[in-house]
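Enquirer: sequence unavailable; structure follows:
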């Protein structure tokens, strides 16, 4: 039985806010697809990429929680995602001139998706650590699916601007503050603010995690080289 059943209620947001977040995510997916002109995507391809970016994280969240995906519970989500993707493609050059505006909206979106995912997991009795994982996946899952569909390296796995780290920090703050009996609305706002702040500062100042490195080989005394294989010695008579 889950150890944290009944920790909190899931955060409830107005439908228009949810649709706005989906619109931003869908347009972001279409913008990346439009940049990859060598892939020669048609309108259907752009619509699929944008829709997957917008709805993928929430879909993965609900599948992990074992419930019907929220995007299938309304007639609004799929049309809005498709429409925003097509608008993102058609107005590609316009949106590129609004780069910082899109970055800020995108940061707010991943913070919002993370807050919804984490609070939903906690409300269903999921323990804190898995709830943070589900919330983070909800925030970045659409981007992962987007990169897989486009056949490009998954952005969150490479040196970059702390996309998943920002979402993880925000969702962790929400989970901890809820356990300290902070009202869910305040905890969710703190999650969105922290996620947005980390993401924007990372883009502004080029913050990133260190690139992976192996431990340096230890130096040995002169004349005693380290060999990577066993040497068979003849036994003494």
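Expert: Perfect, thanks for sending it. This one's a predicted model, so the numbers in the text were calculated from it and none came from an experiment.

Enquirer: ok, residue 113 - contacts?
Expert: By CB atoms under 8 Å, 6 or more residues apart in numbering, residue 113 lies in contact with 21, 25, 57-58, 138-139, 142, 167. For glycine as for every other residue, the C-beta is placed from the backbone atoms N, C-alpha and C.

Enquirer: which stretches of this structure form helices?
Expert: Counting by DSSP state H, the chain has helices at residues 15-35, 43-65, 77-90, 92-96, 99-123, 128-150, 163-179, 184-205.

Enquirer: helices or strands up against the fourth one?
Expert: Other elements packing on helix 92-96 under the criterion 3 or more CB pairs under 8 Å, 6 or more residues apart in numbering; DSSP states H and E are helix 15-35.

Enquirer: and of the helices of the chain, who's closest to residue 156?
Expert: helix 163-179 (4.4 Å; CB to CB).

Enquirer: who's in contact with the closest one?
Expert: 7-8, 107, 110-111, 113-115, 117-119, 122, 128, 131-132, 135-136, 139-140, 143, 155-156, 184, 186-188, 190-192, 194-196, 198-199, 202, 209.

Enquirer: state the distance from residue 146 to residue 94.
Expert: Going from residue 146 to residue 94 by CB to CB, to the nearest Å gives 21 Å.

Enquirer: and these two? which has more neighbours close in?
Expert: Neighbour totals were compared for residue 146 and residue 94, and residue 146 leads with 26 against 10 (other CB atoms under 10 Å).

Enquirer: ok, now which ones touch that one?
Expert: Residue 146 makes contacts with 29, 32-33, 49, 52-53, 56, as judged by CB under 8 Å, 6+ apart.

Enquirer: got the buried residues for stretch 61-81?
Expert: 61-62, 64-65, 70-71, 77, 80-81 (16 or more other CB atoms under 10 Å).

Enquirer: distance between the worst-scoring helix or strand of the chain on mean pLDDT and the chain's centre?
Expert: Of all helical and strand segments in the chain, the minimum by mean pLDDT, DSSP states H and E falls on helix 92-96, at a mean of 77. When distances are taken as CA atoms, centre = their mean, to the nearest Å, helix 92-96 is centred 23 Å away from the chain's centroid.

Enquirer: list the buried residues of that helix.
Expert: Neighbour-count burial for helix 92-96, with 16+ other CB under 10 Å as criterion, is recorded at residue 95.

Enquirer: what is the burial count for residue 206?
Expert: 9.

Enquirer: residues contacting it?
Expert: Residue 206 makes contact with residue 161 under the criterion CB under 8 Å, 6+ apart.

Enquirer: what is the rounded mean pLDDT of stretch 187-197?
Expert: Here stretch 187-197 scores 95 as its mean pLDDT.

Enquirer: so residue 69 versus residue 59, what's the distance?
Expert: Residue 69 sits at a distance of 5 Å from residue 59 (criterion: CB to CB).

Enquirer: from residue 87, how far off is residue 21?
Expert: Counting by CB to CB, the gap from residue 21 to residue 87 is 15 Å.
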